[in-house]
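*Asks:* Got a sequence here, can you build the structure:
(2 chains)
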Protein chains: 2
Amino acid sequence: MTDLDASPRAAAPTRVQAGPATPTATAQTAHRPLTGPGAALTEGLLHDWQSRNREASLPLALRQLEVAGNLDNLRAAAAAGDSAEPGAASYHGPVFMDSDVYKTLEAIGWELARDPDSGTGQTLAGFADAAITLLEQAQRPDGYLDSYIQVSGEPRYGRLASSHEMYCAGHLIQAAVALSRTAGQGPGGHEELAKRLLAVAQRVADHLVATFGGQERGLDGHPEVETALAELYRETGQRAYLDLARQFVEQRGHGLAGDSGRGHRYLQDHLPIRDTVTLEGHAVRALYLEAGVTDVASETGDADLLAGSVRRWEDMVATKTYLTGGNGSRHSDEAFGDRFELPPDRAYTETCAAIASFHWSWRLLLATGDARYADLMERLLYNAFGASISTNGQRFFYVNPLQRRYDHVEEDDPARRHEWFSCACCPPNIMRLLASVQHYLASTAGDTLYLHQFTGATVTTPLAGGTLDVAVSADLPWSGEVTVRVTQAPAGPCGLALRVPAWSGSPQLLVNGEPVQATAAQGYLTVTRTWQPGDVLAATFDLTPRWVYPHPRIDAVRGCAAVERGPLVYCFEHVDQADGTDLDDLALVAGSGLTESPATLAEIGRTVLVELDARPVRAGLPDELPFTATAPATDPGPVQRATAVPYFQWDNRDGQPMRVWLPGIMAE
Amino acid sequence: MTDLDASPRAAAPTRVQAGPATPTATAQTAHRPLTGPGAALTEGLLHDWQSRNREASLPLALRQLEVAGNLDNLRAAAAAGDSAEPGAASYHGPVFMDSDVYKTLEAIGWELARDPDSGTGQTLAGFADAAITLLEQAQRPDGYLDSYIQVSGEPRYGRLASSHEMYCAGHLIQAAVALSRTAGQGPGGHEELAKRLLAVAQRVADHLVATFGGQERGLDGHPEVETALAELYRETGQRAYLDLARQFVEQRGHGLAGDSGRGHRYLQDHLPIRDTVTLEGHAVRALYLEAGVTDVASETGDADLLAGSVRRWEDMVATKTYLTGGNGSRHSDEAFGDRFELPPDRAYTETCAAIASFHWSWRLLLATGDARYADLMERLLYNAFGASISTNGQRFFYVNPLQRRYDHVEEDDPARRHEWFSCACCPPNIMRLLASVQHYLASTAGDTLYLHQFTGATVTTPLAGGTLDVAVSADLPWSGEVTVRVTQAPAGPCGLALRVPAWSGSPQLLVNGEPVQATAAQGYLTVTRTWQPGDVLAATFDLTPRWVYPHPRIDAVRGCAAVERGPLVYCFEHVDQADGTDLDDLALVAGSGLTESPATLAEIGRTVLVELDARPVRAGLPDELPFTATAPATDPGPVQRATAVPYFQWDNRDGQPMRVWLPGIMAE
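*Replies:* The predicted structure follows:
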């Protein structure tokens, strides 16, 4: 500990205000995230989601952390001090309850950059202050901090396969990094809070370094600390944190994580990372691990490690990813399935997996500059992730299936959104992503500003020749027009690059209304020129609704079709169909015309509906085994209209059935 | 306890030699099982399975019960006596380890009727003697017996949702009933063993009656004791056992079983049985419960209770049953799924569920006399159940999917058959069924002998006019000829009824080579006449291979076809396809000619292969998301031959992929 104890922040680089996953200057990445004021959301769906997150979701989290006992756990740990006797105090909930507090603190960290002096801002800052005080009290003098272990009296690191001690530490670190990165930002500031939490987090990290660094003592069963340690290195400059992250990444695959009863594959300890070709086991764990792998690869310039992560991302996207962008095909073990095992009804697609995939893809986007990662992030954001939150921001999905049948139940649960969960990993995870979502809109490479996601926002970045300020106006996912108005520009030439989404053709770019030539590379169109304040770069992306069909290897949706519009996956809810048609009696006339109509729906609000032709295919229900000697009759009834809504808006009304995929019959 | 203690066997009816599920004379059933010498297998697949069970499987069980610690648990319980201190002795395995011993004892009970003096017979009898001695030593003076509770020191009945105490008691009772029912049968006899085990079982049952009878103290989370208590009533005449069975059936649905963490539906405690319309939750539990429901309904003449069970059976068969006859669509909770949720790859179809469904269907067959129950029993026997055992009888499937993909894994497991399991409920359950399987071949109604399953066997039954002895010669499932030779007959007319399997047309019946008129009712053809010794009744069932297609509501196999032949479901294994064609690149030319060819395969032995036309449908593997804007190209390559083997014979060779369902393209 000696050299770490000696002024741990001494080696820190000049701290820059930044968002999540901000590589150091020496990291090997094609792109750099925005720093300084960066991006801010001004209008549009993402802006509204972020506001809702602040005003409706975060206050709910503060309440639930009290009700569910997360804060009481920390109080009990603080009260127990070093003299915890097993059973002396009662611990509430699963072993990783602390992480819910940390994710909430991380969300608050990002939020405090915006409006700390508002009523909500003061509430959030007050919560952070109290929670940090509690953490300071609970933390042991040697830096250890984990309320479950401290309250239960279980040995530290005694069952790493399931104790989640380092997983929790990772989320604590990420919360501290968030507060630290936003400390100087925004109208107010929260430097003192940031310093205090970073001190707690560094003491925890130093304890991990002292305990595990350079040894083969064990690995946490739930990856997460790897990316957190890399981020802490970025924030503090302490190389020991990166070294430990790298060590944990390289040590996986040798049984050091132990076995929680679900085997080594479940917790990604079945193969060394460099021998791994496909993501397996618990989806969230596998995806968090890859975020850490990419961080380590970028910071250490390990091209081989990065190439492996890229290959696994490609394998995942091509064979194990749902139309919504989600991952995790099995309820059992919350796991990835085999390649092409993508059942819509049993899709687990945990919300946390969508968030983890988003985080990983962002890191690969920075590392490579390839738009395909931004494509997946957009698909995740508006579908697998977007659907996890109710319109009012106060109910959440943990599991995000692509089909819900009539009379569906999961155990005793009707499978609707919940306000909270006994295992509440998802809601505060949603909150930390939405609170920081503007950081993922743009990045830079050289003297070019890359815009990845289009929504109402201001974007500011220092370039070599000076500051580039732009105001983006866009109303995605509802309409396709995007304008980028330059409000401040460097003196010399610089580039403005727009991602061409995979769902759109390449648009004509206009500058001040005139067509311009753009350079196309890696999925972006770039216009490089000496920009003047007032210049407007414009493009219109094609949001025409479209049919989509599954690859023949996906057994579970063979013969089916679905509908997308721009970045949105659509679905069919029972409530929208004429005459109460049973969804299971409907076949889509695949390839037929798709009609869109803007609408405002009760409980949902603004949307764009898509209507299309369908035909009833009612088959008599069997009164014996549902298998027959003759092929099912294909004698569909007369054409009727079917109505689809954006998948992210489902289950805000009656809890009735939903399908993304319906059988497709070809138009005649 | 008083009136039970007073000579508990006094009220017993004259004990008749019988098989499993033998209703009392006053039970309301359409059919009666065989009693007395009954049926014996003489040749054919079932005979070979039963021999293999005795010579290969049961010795393996005796070894494994020692290795896995089941017997050590009972030894520890015996040693602890009444003074068990928590942690004083170590308990091995899950809480229900005793039940593996009991199922093995039940299998031995049925086996000892056959050849007790052979080497194997002596080994089995010796094991039974030692095990019964152990049980006598372990049982507490008040009748309580459960090694887990006794060794761990946990309170009795303190957590019935998960303790399996009554589940274990149920299997103990069934073992005792088996030994008792066969005690006078066979070349030798084992009256003393039977008496001793029945005494242990009755003391356990009396303890249950004293503890739970007439009260609302709780229900076992795993049904099984209901049918066991009904059977013990049948064996002893003690009405209190039936009353308790009925009480447990009627009390379900009010939360009395508690919650093991998976909710009330999981353990069938979410709805009163009379309000239940569809089977839900853990499949084995739901099916064992229904066996008990049917027993109680039959013994108490409760037509309403019976009708509910019949309706649920119909619902299950029509909407929740796989082509193999198996049940359980979800790995998660080993549960039934929604209606028509029948994924072939994620089919759980636990072996124990197939056995439980077989038991339930037998009870409904007796209650109603309807051949459809025998149809399902046959489907289960040769498919979902048959596949659970390796050709050599020494490896077992717990989970029986209808598809295994390339590189498939379940956690760390390659999903092949295992010699034993840490949760070893299935192997000894297989053994008790195979040891008693001849009891399910036939039953009587009035003066007619009904033959349900056709295989080489002798069948003897007392009818009003005298004994009817027949020798059945049949080589199912390989060939369709069945002859029934009368070897002894009553003086007057009596009926011989043959089930017409659902897979066969109604055959012409011949008596001594001459066509005869037969009466058709409830799925049987009956010939009633004054039979003479030497008379031969003959029929030929149609085993021509046939195509089968799924109901359109089954999303998971939409557009697919499969092949059956007689009672056998077929499957495609990678190893049998020409040129190593990838199974996932193959579409069947549905409706094309099916060619059968008898064969002898290495590791499998005798079989009948079915060949058919298929066409390659190789689609390029995606390098991005596996969803496209155009419908998958349907440009299959030239016709090639594909080869199918009986599903029950799969996974005896190389562990490569298998599919029951393949995409079907129509013949041109």
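*Asks:* I'd like to know which elements the longest strand along chain A is packed against.
*Replies:* With secondary structure taken from DSSP state E, chain A has its longest strand at strand A:605-616. Contacts defined by 3 or more C-beta pairs under 8 Å, 6 or more residues apart in numbering or on different chains; DSSP states H and E place strand A:605-616 against strand A:560-565, strand A:586-590, strand A:595-601, strand A:640-646. For the C-beta atoms, the positions are set from N, CA and C on the backbone; glycine is no exception.
*Asks:* List the contacts of the helix or strand containing A:Leu305.
*Replies:* Per DSSP states H and E: A:Leu305 is located in helix A:303-319. Helix A:303-319 is contacted from outside by A:28, A:249, A:273-274, A:276-279, A:290, A:293-294, A:296-298, A:327, A:336, A:339-340, A:360-361, A:364, A:367-368, A:372-373, A:376, A:553, B:621-626, using C-beta atoms under 8 Å, 6 or more residues apart in numbering or on different chains.
*Asks:* Write out the residues of the stretch 251-400 of chain A neighbouring chain B.
*Replies:* Applying C-beta under 8 Å from any C-beta of the partner chain, we find that the stretch 251-400 of chain A lies next to chain B at A:262-266, A:270, A:280-281, A:314, A:317-319, A:321, A:323, A:330-333, A:338-346, A:372, A:379.
*Asks:* From those residues, list just the buried residues.
*Replies:* A:262-266, A:270, A:280-281, A:317-319, A:321, A:323, A:330-333, A:338-346, A:372, A:379 (16 or more other C-beta atoms under 10 Å in any protein chain shown).
*Asks:* what about chain A, any weak spots by pLDDT?
*Replies:* Applying pLDDT under 70 to chain A picks out residues A:1-16, A:84-88, A:185-189, A:633-634, A:668.
*Asks:* let's go with 50 and repeat that
*Replies:* Chain A contains residues with pLDDT under 50 at A:1-16.
*Asks:* The helix or strand just after the longest strand of chain A pairs with which strands?
*Replies:* Once strand A:605-616 ends, the next helix or strand along the chain (criterion: DSSP H and E) is strand A:627-628. Taking DSSP bridges as the criterion, strand A:627-628 forms sheet pairs with strand B:546-550 (antiparallel).
*Asks:* And the contacts of the partner strand?
*Replies:* A:626-632, B:323, B:342, B:503, B:557-558, B:560-565, B:590-591, B:594, B:661, B:664.
*Asks:* again, only using 10 Å
*Replies:* A:625-632, B:323, B:340, B:342, B:344, B:503, B:556-566, B:569-570, B:588, B:590-592, B:594, B:610, B:612, B:660-661, B:664 (C-beta atoms under 10 Å, 6 or more residues apart in numbering or on different chains).
*Asks:* Quick check on these: which are buried?
*Replies:* Buried members of those, scored by 16+ other C-beta under 10 Å, are A:625-628, A:631-632, B:323, B:340, B:342, B:344, B:503, B:556-566, B:569-570, B:588, B:590-592, B:594, B:610, B:612, B:660-661, B:664.
*Asks:* so does stretch A:218-227 get close to chain B?
*Replies:* No. Using C-beta under 10 Å from any C-beta of the partner chain, stretch A:218-227 never reaches chain B; the gap is at least 13.7 Å.
*Asks:* got the CA coordinates for that stretch in PDB?
*Replies:* Output of stretch A:218-227 as PDB, limited to C-alpha atoms (Å, rounded to 0.1, in the frame of the first residue of the first chain):
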ATOM      1  CA  GLY A 218      -9.700 -14.900  -6.700                       C
ATOM      2  CA  LEU A 219     -12.100 -13.100  -9.100                       C
ATOM      3  CA  ASP A 220     -15.500 -11.700  -8.500                       C
ATOM      4  CA  GLY A 221     -18.300 -13.900  -9.900                       C
ATOM      5  CA  HIS A 222     -20.000 -10.900 -11.400                       C
ATOM      6  CA  PRO A 223     -17.600  -8.800 -13.600                       C
ATOM      7  CA  GLU A 224     -18.000  -5.000 -13.300                       C
ATOM      8  CA  VAL A 225     -15.000  -4.000 -11.300                       C
ATOM      9  CA  GLU A 226     -12.700  -4.300 -14.300                       C
ATOM     10  CA  THR A 227     -14.300  -1.400 -16.200                       C
END
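*Asks:* For it, list every residue counted as buried.
*Replies:* Applying a neighbour-count criterion of 16+ other C-beta under 10 Å, one finds A:218-227 buried in stretch A:218-227.
*Asks:* Let me have the residues you listed in CSV, extended by distance to B:Ser479 and secondary structure.
*Replies:* Converted to CSV, those look like this (distance: C-beta to C-beta, whole Å; DSSP: H, G, I helix; E, B strand; the rest coil):
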residue, distance to B:Ser479, secondary structure
A:Gly218, 61, coil
A:Leu219, 59, coil
A:Asp220, 61, coil
A:Gly221, 55, coil
A:His222, 57, coil
A:Pro223, 58, coil
A:Glu224, 62, coil
A:Val225, 65, helix
A:Glu226, 63, helix
A:Thr227, 64, helix
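*Asks:* On the three-state scheme, A:Pro501 is what?
*Replies:* For A:Pro501, the assignment made with DSSP: H, G, I helix; E, B strand; the rest coil gives coil.
*Asks:* Next up, the contacts around it.
*Replies:* With contact taken as C-beta under 10 Å, 6+ apart, A:Pro501 is in contact with A:371, A:374-375, A:378-379, A:452-454, A:476, A:480, A:507, A:523, A:541-543, A:566-567.
*Asks:* can you give me the helices in the stretch 401-550 of chain A?
*Replies:* Secondary structure of the stretch 401-550 of chain A, counting by DSSP state H, counting those that start in this stretch: helices at A:426-435.
*Asks:* what does it put close to chain B?
*Replies:* A:403-413, A:422, A:502-503, A:546-550.
*Asks:* Show me how far the helix holding A:Leu305 is from its chain's centre.
*Replies:* 18 Å (C-alpha atoms, centre = their mean, to the nearest Å).
*Asks:* Just name whatever secondary elements the next helix or strand after it is in contact with.
*Replies:* Under the assignment DSSP H and E, the closest C-terminal helix or strand after helix A:303-319 is helix A:351-368. Counting contacts by 3 or more C-beta pairs under 10 Å, 6 or more residues apart in numbering or on different chains; DSSP states H and E, helix A:351-368 is packed against strand A:32-33, helix A:225-236, helix A:283-300, helix A:303-319, helix A:371-379, helix A:426-435, strand A:442-445.
*Asks:* Present these as TSV; the columns should include distance to A:Ala578.
*Replies:* Formatted as TSV, the helices and strands packed on helix A:351-368 follow (distance: least, C-beta to C-beta, whole Å):
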stretch	distance to A:Ala578
strand A:32-33	48
helix A:225-236	49
helix A:283-300	38
helix A:303-319	37
helix A:371-379	30
helix A:426-435	34
strand A:442-445	43
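*Asks:* And these: which comes nearest B:Asp117?
*Replies:* With C-beta to C-beta as the criterion, B:Asp117 lies closest to helix A:283-300 of the helices and strands packed on helix A:351-368, at 58.2 Å.
*Asks:* Keeping just the C-alphas, turn the closest one into CSV.
*Replies:* Provided in CSV are the C-alpha atoms of helix A:283-300 (Å, rounded to 0.1, in the frame of the first residue of the first chain):
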residue,chain,number,x,y,z
ALA,A,283,-25.6,-12.1,-20.1
VAL,A,284,-25.0,-9.0,-17.9
ARG,A,285,-21.8,-10.5,-16.5
ALA,A,286,-20.5,-11.4,-20.0
LEU,A,287,-21.3,-7.9,-21.3
TYR,A,288,-19.8,-5.9,-18.3
LEU,A,289,-16.7,-8.0,-18.6
GLU,A,290,-16.4,-7.0,-22.3
ALA,A,291,-16.6,-3.4,-21.4
GLY,A,292,-13.7,-3.9,-19.1
VAL,A,293,-11.8,-5.9,-21.7
THR,A,294,-12.2,-3.1,-24.2
ASP,A,295,-11.1,-0.5,-21.6
VAL,A,296,-8.0,-2.5,-20.8
ALA,A,297,-7.3,-3.0,-24.4
SER,A,298,-7.6,0.7,-25.2
GLU,A,299,-5.6,1.9,-22.3
THR,A,300,-2.8,-0.6,-22.7
